[in-house]
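Undergrad: fold the following, please.
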Amino acid sequence: MIRSRKGTPVAPSGQPDGAAPAPAPHVDHRTPPADDLLAHEATEAVDAAEADHAPLARPSRRLEIVCAAIAVAGSGALFLLARAIEVRNETGGIDPRWWPELLGLGGLALGVLLLVAAVLRPPFDRDDLEAATRQGWFRVGLAVALSVAFVLLWPVLGFLVVTPVFLVAATYLFGGRGWKTLIVFPVLMTGFIYLLFHTLLKVPL
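TA: Numbering: from 1, shown residues only. Take a look at the predicted model:
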């Protein structure tokens, strides 16, 4: 017991004798509820993204052989069709058949190399690709339908009319957005193809 200068007993805690000591202020060291909520939501978002992630594609020798065979057949058909282009004056140099023939021969050579590699070597790893999904097959089907419509409408409406529409639809189908992507790109690409083939290489479009 400690006495003050006037003789009044004072408790060691500084309170009058017999009084309970003042409680110490409570300090909450826990994370605020808002932070806990944000952390919980972030964890749930990561778990949902992992759950929705499509499985990775597996190596497939059969797929490689089929793709290489399609490349060989398509390139061979392009070369034969290029040889059938009518030319009024045979110059013996660069003519309307020259560029399509070059593309056909180049594609044919690459297709044969791919076919040989698909047969002789182990299939390539495709860990950076996702497995085929229903949405992916749906887009492929729409792309094929657009290509068929483009080929059928080209002779009727003309190259300069059908090509921009086809490019806009195909670009939008595969995720292109924005006015530059959907307007500037199709117009510039159509003009480039027209000038290259129709004007420079004299290939009628």
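
Undergrad: look at the closest residue to residue 104 other than its chain neighbours and tell me its secondary structure.
TA: In space, and not counting its chain neighbours, residue 104 is closest to residue 79: 3.0 Å by CB to CB, 6 or more residues apart in numbering. Just so you know, the C-beta spots here come from the backbone N, C-alpha and C atoms, and that holds for glycine as well. For residue 79, the assignment made with DSSP: H, G, I helix; E, B strand; the rest coil gives helix.

Undergrad: what's near enough to touch residue 79?
TA: Contact analysis of residue 79 by CB atoms under 8 Å, 6 or more residues apart in numbering lists 100, 101, 104, 105, 108.

Undergrad: ranking these by neighbours, who comes first?
TA: residue 104 (21 neighbours; other CB atoms under 10 Å).

Undergrad: quick one, strands of this structure?
TA: Ranges of strands in the chain, per DSSP state E, are 2-3, 9-10.

Undergrad: wait, residue 185 sits on residue 170?
TA: No: with contacts counted by CB atoms under 8 Å, residue 185 stays clear of residue 170, the gap being 10.6 Å.

Undergrad: give me the neighbour count for residue 115.
TA: 19.

Undergrad: tell me the confidence at it?
TA: At residue 115, the model reports a pLDDT of 93.

Undergrad: distance of residue 195 relative to residue 205?
TA: Distance of residue 195 to residue 205, computed by CB to CB, to the nearest Å: 10 Å.

Undergrad: next one: residue 192
TA: 12 Å.

Undergrad: who has more neighbours, the two?
TA: Comparing residue 192 with residue 205 by neighbour count (other CB under 10 Å), the higher total belongs to residue 205, at 13 against 10.

Undergrad: residues in contact with the nearest residue to that one once chain neighbours are set aside?
TA: Leaving out its chain neighbours, the residue that sits closest to residue 205 by CB to CB, 6+ apart is residue 159, at 4.1 Å. Listed by CB under 8 Å, 6+ apart, the contact set of residue 159 reads 190, 194, 198, 205.

Undergrad: then residue 153?
TA: residue 162.

Undergrad: likewise for residue 196?
TA: Contact criterion CB under 8 Å, 6+ apart gives no residues in contact with residue 196.

Undergrad: what's the spacing between the residue nearest to residue 154 when sequence neighbours are not counted and residue 153?
TA: Distances taken as CB to CB, 6+ apart put residue 162 closest to residue 154, at 5.1 Å, once the chain neighbours are dropped. Distance, residue 162 to residue 153, using CB to CB: 5 Å.
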